[in-house]
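A.B. asks: Whatever this is, show me its structure:
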Amino acid sequence: MPPTRVLFVNHVARISGAEESLLALVRHLDRDRFDPSLACPPGPLAIRAADAGVRTFSLPVTAFRRTRNPLTLSTYAVAWVAGTNHLRKIVRDLKPGIVHSNSPKAHVYAGGVARKAGVPAVWHARDLRPLPFPAGSLCRSTNRVIAVSEAVADFLAASGLSRPTVTCIHNGIDAEGWRGRLASRDVVAELGIPEGRRILLMAAQFAPWKRHEDALRAMPDILAGEPAAHLLLAGDDRFGGQPEVAAQLDALAAELDIKAHVTFAGHRDDVPDLMSAAEVVLIPSDAEPFGRVAIEAMALGKPVVGTRAGGLPEVVRDGETGLLVVPRFPESLAAACLRVLENPSLARGLGKAGKRRVVECFDIRQTAERVESLYEAMLHPPLKWVTV
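C.D. replies: Numbers count the residues shown, from 1 in each chain. As a prediction, the model looks like this:
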């Protein structure tokens, strides 16, 4: 029997955490059972998917933003019709057995197309942000929903989705393959960071909920206890929605008089190298849906200092694999960072336990197997006995 074709649909061309998780999943699906394809706008994601042996289709998708402007809304409607018609042709020609949307925005396009084609659809929920359409509308065009954490599953239930429709499947990574390529001293030198600095890394796109400002505001207290501390911010405005954030953060660093101890590295494709050079990985988000950066850091044996919010507590065990603090309190963030920097044995213990937890709980092969089981349940639902 030939493998079932699975058409993944993504709404953006650039690569962030959701797209990295998608690429990891398609690489580890059992190709004897499932044959993945990807429809997305042309760009880096399509290129990397093709390099992984995934058939790709160009899909024109417009980024919708909340508005009441009638002209903008009409423009969105025209773009949505064009996109769905294009996707409908892809589905008609490919004849997939399953359509898998990688976000609610992708599902706005894919859900109705799959439903009309009679193809089972799954929507992968990766955010803790308002849905682009009422939950009921999205739910009617999906058979199952995958939530990346119980926090996301609860958020969807509060938004109006039926909780039994949602299955929690945590993201995973290839822990053995997640390795740096350069020596830490070479990475530090390339970034222009003075020798001897103790690096705290925050790797995140520029978005308000990531709370970069809390990492910056924590630095004066951290420097008071450890003058060699240095904050490395790796990330940028990946999707063009926050063009002012970089300037605001730079101005804040100047206001706090810490610019000599902060490096804005922009978007980087060598995150494993940056993590290898860091002593602590920071995640100060106030609504982290899952925390992919956390499992990446833990896979390298790096202690995580994050917040007790969203899905992060499902990943990082406070006091065992990292330290969690109340969100939006830079003072608590600073105290936790100093605790790790001042206690090498604690740092080593957190790192070892974190690495062990990733191998046991967040291996990409486990994630792929759970998704495959969900596919099988969608393709072969249990028989319902009818009494007469």
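
A.B. asks: quick one: buried residues of stretch 104-119?
C.D. replies: 104-115, 119 (16 or more other Cβ atoms under 10 Å). Glycine gets a C-beta too; all of them are placed from N, C-alpha and C.

A.B. asks: In those residues, find the pair that's most separated.
C.D. replies: Within these, 105 and 119 form the most distant pair, 19.2 Å apart (Cβ to Cβ).

A.B. asks: one step back: tabulate the buried residues of stretch 104-119 in JSON lines, adding columns for secondary structure and distance to residue 278.
C.D. replies: Shown next, in JSON lines, are those (DSSP: H, G, I helix; E, B strand; the rest coil; distance: Cβ to Cβ, whole Å):
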{"residue": "104", "secondary structure": "helix", "distance to residue 278": "33"}
{"residue": "105", "secondary structure": "helix", "distance to residue 278": "32"}
{"residue": "106", "secondary structure": "helix", "distance to residue 278": "33"}
{"residue": "107", "secondary structure": "helix", "distance to residue 278": "36"}
{"residue": "108", "secondary structure": "helix", "distance to residue 278": "38"}
{"residue": "109", "secondary structure": "helix", "distance to residue 278": "38"}
{"residue": "110", "secondary structure": "helix", "distance to residue 278": "38"}
{"residue": "111", "secondary structure": "helix", "distance to residue 278": "40"}
{"residue": "112", "secondary structure": "helix", "distance to residue 278": "44"}
{"residue": "113", "secondary structure": "helix", "distance to residue 278": "43"}
{"residue": "114", "secondary structure": "helix", "distance to residue 278": "42"}
{"residue": "115", "secondary structure": "helix", "distance to residue 278": "46"}
{"residue": "119", "secondary structure": "coil", "distance to residue 278": "44"}
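
A.B. asks: quick one: which of those is nearest to residue 40?
C.D. replies: residue 106 (8.3 Å).

A.B. asks: so that closest one makes contact with residue 11?
C.D. replies: Yes: if you go by Cβ atoms under 8 Å, residue 106 and residue 11 touch, sitting 4.3 Å apart.

A.B. asks: shared neighbours of those two, anything?
C.D. replies: Taking Cβ atoms under 8 Å, 6 or more residues apart in numbering as the criterion, residue 106 and residue 11 both touch residue 61.

A.B. asks: could you pull out the strands for the stretch 151-300 of the chain?
C.D. replies: 166-168, 198-203, 229-234, 262-266, 280-283 (DSSP state E, counting those that start in this stretch).

A.B. asks: and the direction of the fourth one versus that of strand 198-203, what angle?
C.D. replies: In other words, strand 262-266. Interaxial angle, strand 262-266 versus strand 198-203 (axes from the mean of the first three to the mean of the last three Cα atoms, to 10 degrees): 40 degrees.

A.B. asks: Point out the other elements, helices or strands, that strand 262-266 touches.
C.D. replies: For strand 262-266, the helices and strands in contact under the criterion 3 or more Cβ pairs under 8 Å, 6 or more residues apart in numbering; DSSP states H and E are strand 229-234, helix 245-255.

A.B. asks: Could you pull out the buried residues of the longest one?
C.D. replies: Using 16+ other Cβ under 10 Å as the test for burial, helix 245-255 gives 245, 246, 249, 252, 253.

A.B. asks: Who are the contact partners of residue 325?
C.D. replies: 305, 306, 307, 308, 332, 333, 335, 336.

A.B. asks: which of those residues count as buried?
C.D. replies: By neighbour count, with 16+ other Cβ under 10 Å, the contacts of residue 325 hold 305, 306, 307, 332, 333, 335, 336 as buried.

A.B. asks: Flag the shaky bits of the chain, pLDDT-wise.
C.D. replies: In the predicted model of the chain, residues 63-69, 72-73, 76, 133-137, 139, 239-241, 383-388 satisfy pLDDT under 70.

A.B. asks: Show me how it divides into domains.
C.D. replies: For the chain, automatic domain parsing gives the domain ranges 4-172+363-379, 184-361.

A.B. asks: Using CSV, please lay out the ones you listed together with distance to residue 178.
C.D. replies: Formatted as CSV, the domains of the chain follow (distance: least, Cβ to Cβ, whole Å):
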stretch, distance to residue 178
domain 4-172+363-379, 10
domain 184-361, 5
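
A.B. asks: Any figure for the gap between residue 297 and residue 5?
C.D. replies: The gap separating residue 297 from residue 5 is 35 Å, by Cβ to Cβ, to the nearest Å.

A.B. asks: The two: who's more crowded?
C.D. replies: Comparing residue 297 with residue 5 by other Cβ atoms under 10 Å, the one with more neighbours is residue 297, at 33 against 17.
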